[in-house]
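K.L.:
Sequence isn't available, so here's the structure alone:
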């Protein structure tokens, strides 16, 4: 009986040693094999640029609109003819609307007139008129249905043009001869006019 027991002990010990060798020869269950490593998909590394400290951030600057006021272009010169029959209160010869501070330059070009047919015609631009009936050109303002005289074009504008400055907004600037009975007047005069 003792011999059988010793043989049994040796057999059990030999089986334990064989089991340990077999376990040592097998790879650990949690260690992937080279084939598994190659087959496993790889996850790409993505760099979050929003959180990266390498890229400096800047605050957008507000856009400021800059208004540039361009100078008012000068109107072209034009010749304006004023017949002697366009008398006081007549708005036929109109230069249009003027804003306060705008200027109108007048320069005599040619022409003669008179407000009394029995007297000879003459130039209103002469330093000394031929007679009292050679009157200057009137600068008037039209307000609604009324026309009021506000100035005269002086003499000698052919050599030195006269500059009229609007003292206020003018609805309509008109030119005429200051005569309330203009139907029998004679002649006409021409002035070069420029509005700025």
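P.N.:
Yep, it's here. All values derive from a computational prediction rather than experimental measurement.

K.L.:
what sits against residue 98?
P.N.:
Contacts here follow CB atoms under 8 Å, 6 or more residues apart in numbering; on that basis residue 98 touches 104, 166, 169-170, 173, 195. C-beta: built from backbone N, CA, C; applies to glycine.

K.L.:
is it possible to export those residues to a markdown table including pLDDT?
P.N.:
Shown next, in a markdown table, are the contacts of residue 98 (pLDDT from 0 to 100):
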| residue | pLDDT |
| --- | --- |
| 104 | 98 |
| 166 | 97 |
| 169 | 97 |
| 170 | 96 |
| 173 | 97 |
| 195 | 96 |
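
K.L.:
Tell me the one among those residues nearest to residue 117.
P.N.:
Nearest to residue 117, judged by CB to CB, of these is residue 173 at 28.7 Å.

K.L.:
Just give the nearest non-adjacent residue to the closest one, would you?
P.N.:
Among residues not flanking residue 173 along the chain, residue 95 sits closest, at 4.4 Å (CB to CB, 6 or more residues apart in numbering).

K.L.:
Okay, buried residues for the stretch of helix or strand the one you found belongs to please.
P.N.:
Using DSSP states H and E, the element containing residue 95 is strand 93-98. For strand 93-98, a neighbour-count test (16 or more other CB atoms under 10 Å) marks 93, 95, 98 as buried.

K.L.:
helix or strand right after that strand?
P.N.:
Next along from strand 93-98, by DSSP H and E: strand 103-114.
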